[in-house]
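*Asks:* Sequence first, predicted model second:
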Amino acid sequence: MTLELFRIDDRLVHGQVVIGWGLPHALGFLVVVDDEIAAAPWEQELYRMGTPEGMEVRFATVDEAAAALPAYRADPRAGMLLTADITTMARLIEASPSVAAVTIGGLHHRADRVPRLRFVFLSPAEAVALRALAARGVAIAAQDVPTSAPVPLEAVLAADGTE
Amino acid sequence: MTMSDGRAAVVAGHGAFAAGMVSAVARIVGEAHGLVPVDNEEGTPDTIAAAIARALDAAGATVCFTDLPAGSCTMAARRLARARPGLVIVTGASLPVLLAYATGGDVDAAVRAGQAALVATAPAA
């Protein structure tokens, strides 16, 4: 076991993460990478209150997470790293290029975004950022829960939100 | 019953959990007794919080029942509670919890009712 899942989800820690993924993958720890939350004890407590017993939640800035990735990977427990947006995940990968795969778990409606999948809405800039990550060799797919089929990035970008 | 007699509450959860629960309460006791559902179908933290806030205001409610302790609705309600110190949030809501609250208006009694209702029956020998 190790840090095996890298997920972009604007809800960060929520039901799909702690139950949907947490149970089948026996997740022992979550890493929330977010510069603002890393400096906000109240926000951290909010997320801790929502996690089940036996699941640790860590909080890190992008720089802290990049430096700690080897330690996360050495953890004998299964883990998931979460960012709330593509920019933060891209910054992490820029600082630590060892990330091989990223899952889009949920990016929801916003004024500048267009629907791609039921749970994925993307702005033009976000689509470009995802393509840039893919061009570096990062495998990107959208998948909200483990029982759904992962949708590869090109299929996500070709979709119009009707499926 | 009016929407502001002290038993009004918001029920929020994943998918159609809230609508289903409130519908079930009405089916059993004849009316929803001021329970207002907020269903979360792929909302963002901000839109979920806004929906719960609107429902609380419309109902004159200070109680919010949610499904999962880690669910998006629970997180949104807890954020709302920062600006609404009187807001009571009950996680792990079930039909027995909501029925007890709808008919009695007592949060503690509703929680006890939910705990008491959770029973696993051993298989027959």
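*Replies:* Received, thanks. Numbers count the residues shown, from 1 in each chain, chains lettered A, B, ... in the order given.
*Asks:* For chain A, what's the nearest residue on chain B?
*Replies:* Closest residue of chain B to chain A, C-beta to the nearest C-beta: B:Ala70 (3.4 Å). No exception for glycine: its C-beta is placed from N, CA and C like everyone else's.
*Asks:* how far does the strand or helix carrying A:Ala129 sit from the chain's center?
*Replies:* Element membership for A:Ala129 (DSSP states H and E) is helix A:124-135. The chain centre lies 15 Å from the centre of helix A:124-135; the measure is C-alpha atoms, centre = their mean, to the nearest Å.
*Asks:* and if you look at stretch B:103-120?
*Replies:* 12 Å.
*Asks:* which residue sits closest to the residue of chain B closest to chain A in space, ignoring its chain neighbours?
*Replies:* Computed as C-beta to C-beta, 6 or more residues apart in numbering or on different chains, the closest residue to B:Ala70 that is not its neighbour in sequence is A:Gly50, at 3.4 Å.
*Asks:* Next one: the one you found from A:His14, what distance?
*Replies:* As judged by C-beta to C-beta, to the nearest Å, A:Gly50 and A:His14 stand 7 Å apart.
*Asks:* So if I had to pick from these two, which one is more boxed in?
*Replies:* Set A:Gly50 next to A:His14 and count neighbours by other C-beta atoms under 10 Å in any protein chain shown: A:His14 wins out with 28 against 24.
*Asks:* Quick check: the gap between the residue nearest in space to the middle of chain B and A:Thr51.
*Replies:* The C-alpha lying nearest the average C-alpha coordinate of chain B belongs to B:Phe65 (C-alpha atoms, centre = their mean; 2.4 Å). Here the criterion is C-beta to C-beta. By it, B:Phe65 lies 20 Å from A:Thr51.
*Asks:* and chain B, which residues reach chain A?
*Replies:* Applying C-beta under 8 Å from any C-beta of the partner chain, we find that chain B lies next to chain A at B:14, B:42-45, B:47, B:67-72, B:74-75, B:78-79, B:82.
*Asks:* Tell me which entries of those residues lie within strands.
*Replies:* B:His14 (DSSP state E).
*Asks:* In ChimeraX, how would I select the buried members of the residues of chain B next to chain A?
*Replies:* Per 16 or more other C-beta atoms under 10 Å in any protein chain shown, the buried members of those correspond to this ChimeraX selection:
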select /B:14,42,43,44,45,47,67,68,69,70,71,72,74,75,78,79
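*Asks:* in the chain, which spans are strands?
*Replies:* If you meant another chain, say so; for now it's chain A. Ranges of strands within chain A are A:3-9, A:27-33, A:56-60, A:78-83, A:101-106, A:114-117, A:120-122, A:139-142, A:151-152, based on DSSP E.
*Asks:* I was thinking of chain B, sorry if that wasn't clear
*Replies:* Taking DSSP E as the test, the strands found in chain B are B:9-14, B:35-40, B:63-66, B:88-90.
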